[in-house]
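Chemist: Structure, please.
(chains A, B, C and D)
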There are 4 protein chains.
Amino acid sequence: MSSLSLDAADAIADAVIERARALGKAVSVAVVDAGGFPVTIRRSDGARPLTPDIARAKAYTAAVMQRPGKMLKKWQESQPVFFSQLSQLPGAAMPIMAADGSVTVKKDGVIIGGLGVAGGTADEDQQIADEILETLGYELEFPAWGVPGKPTGKE
Amino acid sequence: MSSLSLDAADAIADAVIERARALGKAVSVAVVDAGGFPVTIRRSDGARPLTPDIARAKAYTAAVMQRPGKMLKKWQESQPVFFSQLSQLPGAAMPIMAADGSVTVKKDGVIIGGLGVAGGTADEDQQIADEILETLGYELEFPAWGVPGKPTGKE
Amino acid sequence: MSSLSLDAADAIADAVIERARALGKAVSVAVVDAGGFPVTIRRSDGARPLTPDIARAKAYTAAVMQRPGKMLKKWQESQPVFFSQLSQLPGAAMPIMAADGSVTVKKDGVIIGGLGVAGGTADEDQQIADEILETLGYELEFPAWGVPGKPTGKE
Amino acid sequence: MSSLSLDAADAIADAVIERARALGKAVSVAVVDAGGFPVTIRRSDGARPLTPDIARAKAYTAAVMQRPGKMLKKWQESQPVFFSQLSQLPGAAMPIMAADGSVTVKKDGVIIGGLGVAGGTADEDQQIADEILETLGYELEFPAWGVPGKPTGKE
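Modeler: You can find the predicted model right below:
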């Protein structure tokens, strides 16, 4: 299922950690494959004990929901109870978290995984994730559900 | 892992129970190490059966989130769904509770554990925890996340 | 429900920890009331992180099963599947563990709680628990189930 | 809590993955701190989706039980029901797995974390973990519980 190699995932994770360090932040980062299974998870010195799992849940959500967290947040706001119940579905291995710092990993139009960043502010987590994916040549445009072909951009 | 000895934890617990008794309250108290594992848990005569576990979850939260509950309450208010999902993360052994009477135990700038008090009013639980930690020489100032160096005080 | 005061529970816990220390062992100890709820739990310096919970499950079992673990072990041996399912019952808050170092706390013929000791060898845990309870005036004789009045002794 | 830096954990993980690759095996590797929280988790290309979590549970177990899996297997054999119930304790965040490829990370006599390797045969997982830790200067001798000072070696 995964066409996201460990080398590619580590390149993302290394860049995230270095970028966060430049901002003076200790973050955790997780990269999962298209099925939501971990490829690499890393916790910087000083990042809190649960941040690797927060990053993982963000990455999982972006991979299996196939959209970045910032798009899911709108869904969660409009249907909070329904959205919270997604995490209780039999196939859901992690909490489905609508959060910043949660970005779907896409290349050549194919969704190949998810990236989660945790430990900075919401804005920082999001900015770092977007920047690194863009720099490494991944695609950040996703159509809204039900509106195929119409990209929603990075708003 | 723990640099919080049983003697040090018991000194905290004894003082909490005595202070609560002076206020006419029967409380439970828990002290955990930096990884959230119990060092001492005590229930005063008259405190309700679940209060030792409430105190434990408060102590656990303050230890692994590395911030007192009063700071976490702000996070919970701004992101209630996300915050509630922290308790479902694979690495979380206890509910992550944003509550009064939940204080991180810090000495010489190092986080060494968590203290939880339950059984009084929210204000009493908090006041007792703060007073006892301060009296015993622990540090109560924690920087806001993302703003290292800028303490938020005991507001 | 509990007629086991914190002072009485702490007297047991203090004596257990001191006795273990004299043997060169770091143990955890838990004392629960007749309903299985914690009164005091303590972890000696050097005892492993899960030992307080092991001690608690032992104490819980001895309290709510109303027999010491050494008696439960015979039941477990004869009906292993049935016994293991006890832990899945809706009212079971802890694993029902048939183990050494798990002793029902009884005074004047009334069951008032449970004591669990973990961290030594099975024999040490049991010996310490029995010695301390006997020294402090608790009763160690329990009739076999279904054979009221016929004590089984401390075999 | 952790005195195991990300750099130190990554050095272990890199060496494990490279060593496995030389054997023609795709493995997952996890390194956790002394409280069992993740520092680094990596899955080689070709390793099965659940192997990162198997590696994590092995690392968690070796950290919080403070002994390598090969020592725990003896405990599990003598008390299978009791051992399986450890995973149900309130403080246990992961299954407590007695397995090969599960080694406690110790330096200068202090337990600082756990290493888990999964994906090879049991013997390979164990051999790789031992070799890498030894090469990197960690200590592999642990006393049997209850017999302090008498190391049991790598038998």
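
Chemist: can you pull out the strands in chain A?
Modeler: Taking DSSP state E as the criterion, chain A carries its strands at A:28-33, A:38-43, A:102-107, A:110-118.

Chemist: just the ones you listed: most buried one?
Modeler: Among those, strand A:28-33 has the highest mean neighbour count (mean count of other C-beta atoms under 10 Å in any protein chain shown), at a mean of 30. Yep, even glycine has a C-beta here, placed from its N, CA and C like the rest.

Chemist: Run me through the strand neighbours of that one, direction for each.
Modeler: strand A:38-43 (antiparallel), strand A:110-118 (antiparallel) (DSSP bridges).

Chemist: could I get those strands as a markdown table with distance to B:D100 and mean pLDDT?
Modeler: Supplementary listing: the strands paired with strand A:28-33 in a markdown table, determined by distance: least, C-beta to C-beta, whole Å; pLDDT from 0 to 100:
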| stretch | distance to B:D100 | mean pLDDT |
| --- | --- | --- |
| strand A:38-43 | 29 | 98 |
| strand A:110-118 | 26 | 98 |
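
Chemist: can I get those in CSV with distance to A:S87?
Modeler: Output for the strands paired with strand A:28-33, formatted as CSV (distance: least, C-beta to C-beta, whole Å):
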stretch, distance to A:S87
strand A:38-43, 18
strand A:110-118, 15
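
Chemist: Mind telling me which residue is nearest the centre of chain A?
Modeler: In chain A, the residue lying closest to the centroid (C-alpha atoms, centre = their mean) is A:S102, at 2.8 Å.

Chemist: excluding its backbone neighbours, what's nearest the residue of chain A found nearest chain C?
Modeler: In chain A, the residue that lies nearest chain C is A:P49 (13.2 Å; C-beta to the nearest C-beta). Spatially, and ignoring its direct neighbours in sequence, A:P49 is nearest to D:F37 (3.9 Å; C-beta to C-beta, 6 or more residues apart in numbering or on different chains).

Chemist: Within range of chain B, give me the residues from chain A.
Modeler: Contacts of chain A with chain B, taken as C-beta under 8 Å from any C-beta of the partner chain, map to A:24-25, A:48-50, A:52-54, A:56-57, A:76, A:80, A:83-84, A:87, A:94-95, A:97-99, A:120-121, A:124.

Chemist: go with 6 Å
Modeler: Residues of chain A lying close to chain B (C-beta under 6 Å from any C-beta of the partner chain) are A:48-50, A:53, A:84, A:95, A:97, A:99, A:121.

Chemist: Among those residues, which ones are in helices?
Modeler: Under the assignment DSSP state H, the residues of chain A next to chain B contribute A:53, A:84 to helices.

Chemist: Take the residues of chain A next to chain B and write them to JSON lines, including pLDDT.
Modeler: JSON lines is the format used below for these (pLDDT from 0 to 100):
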{"residue": "A:R48", "pLDDT": "96"}
{"residue": "A:P49", "pLDDT": "97"}
{"residue": "A:L50", "pLDDT": "97"}
{"residue": "A:D53", "pLDDT": "98"}
{"residue": "A:S84", "pLDDT": "90"}
{"residue": "A:P95", "pLDDT": "96"}
{"residue": "A:M97", "pLDDT": "95"}
{"residue": "A:A99", "pLDDT": "96"}
{"residue": "A:T121", "pLDDT": "94"}
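
Chemist: for the residues of chain A next to chain B, which one is nearest D:D130?
Modeler: A:P49 (27.0 Å; C-beta to C-beta).

Chemist: roughly how far apart are the closest one and B:F83?
Modeler: Relative to B:F83, A:P49 is positioned 16 Å away (C-beta to C-beta, to the nearest Å).

Chemist: can you check A:A8 too?
Modeler: Taking C-beta to C-beta, one finds A:A8 at 32 Å from B:F83.

Chemist: higher neighbour count, these two?
Modeler: A:A8 (21 against 17; other C-beta atoms under 10 Å in any protein chain shown).

Chemist: follow-up on the earlier one: make TSV out of the strands of chain A and add distance to C:A144.
Modeler: Below are the strands of chain A laid out as TSV (distance: least, C-beta to C-beta, whole Å):
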stretch	distance to C:A144
strand A:28-33	54
strand A:38-43	51
strand A:102-107	59
strand A:110-118	55
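
Chemist: Now for chain A: which helix has the highest residue count?
Modeler: Per DSSP H, chain A has its longest helix at helix A:6-22.

Chemist: quick check, that one touching chain D?
Modeler: Yes. Helix A:6-22 lies within reach of chain D by C-beta under 6 Å from any C-beta, at A:L6.

Chemist: list the helices and strands that helix packs on?
Modeler: Judged by 3 or more C-beta pairs under 6 Å, 6 or more residues apart in numbering or on different chains; DSSP states H and E, the packing partners of helix A:6-22 are strand A:28-33, strand A:38-43, helix A:122-135.

Chemist: looking at the ones you listed, which is closest to A:G113?
Modeler: So among those, strand A:28-33 is nearest, using C-beta to C-beta, at 5.0 Å.

Chemist: Provide the contact partners of that closest one at residue level.
Modeler: A:1-2, A:4, A:9, A:12-13, A:16, A:38-43, A:47, A:51-52, A:55-56, A:59-60, A:63, A:113-119 (C-beta atoms under 6 Å, 6 or more residues apart in numbering or on different chains).

Chemist: Quick one: work out the angle between that strand and helix A:122-135.
Modeler: Comparing the axes of strand A:28-33 and helix A:122-135 via axes from the mean of the first three to the mean of the last three C-alpha atoms, to 10 degrees yields an angle of 50 degrees.

Chemist: Between strand A:102-107 and strand A:28-33, find me the angle.
Modeler: Counting by the same axes, to 10 degrees, strand A:28-33 lies at 40 degrees to strand A:102-107.

Chemist: In PDB, list the C-alpha atoms belonging to strand A:28-33.
Modeler: C-alpha atoms of strand A:28-33 as PDB (Å, rounded to 0.1, in the frame of the first residue of the first chain):
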ATOM      1  CA  SER A  28       7.500  15.500  17.400                       C
ATOM      2  CA  VAL A  29       6.900  14.400  13.900                       C
ATOM      3  CA  ALA A  30       5.200  11.300  12.400                       C
ATOM      4  CA  VAL A  31       4.900  10.100   8.800                       C
ATOM      5  CA  VAL A  32       2.500   7.300   8.000                       C
ATOM      6  CA  ASP A  33       1.700   5.400   4.800                       C
END
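
Chemist: Off-centre distance for that strand?
Modeler: 7 Å (C-alpha atoms, centre = their mean, to the nearest Å).

Chemist: Stretch A:77-97 now?
Modeler: Put simply, stretch A:77-97 sits 16 Å off its chain's centre (C-alpha atoms, centre = their mean).

Chemist: Quick check: end-to-end length of it?
Modeler: Stretch A:77-97 has its terminal residues 12 Å apart, counting by C-alpha to C-alpha, to the nearest Å.

Chemist: List the buried residues of it.
Modeler: Across stretch A:77-97, burial judged by 16 or more other C-beta atoms under 10 Å in any protein chain shown covers A:83-84, A:86-87, A:92-97.

Chemist: possible to save those as a markdown table with distance to D:M71?
Modeler: A markdown table is the format used below for these (distance: C-beta to C-beta, whole Å):
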| residue | distance to D:M71 |
| --- | --- |
| A:F83 | 45 |
| A:S84 | 42 |
| A:L86 | 41 |
| A:S87 | 37 |
| A:A92 | 36 |
| A:A93 | 31 |
| A:M94 | 32 |
| A:P95 | 35 |
| A:I96 | 39 |
| A:M97 | 38 |
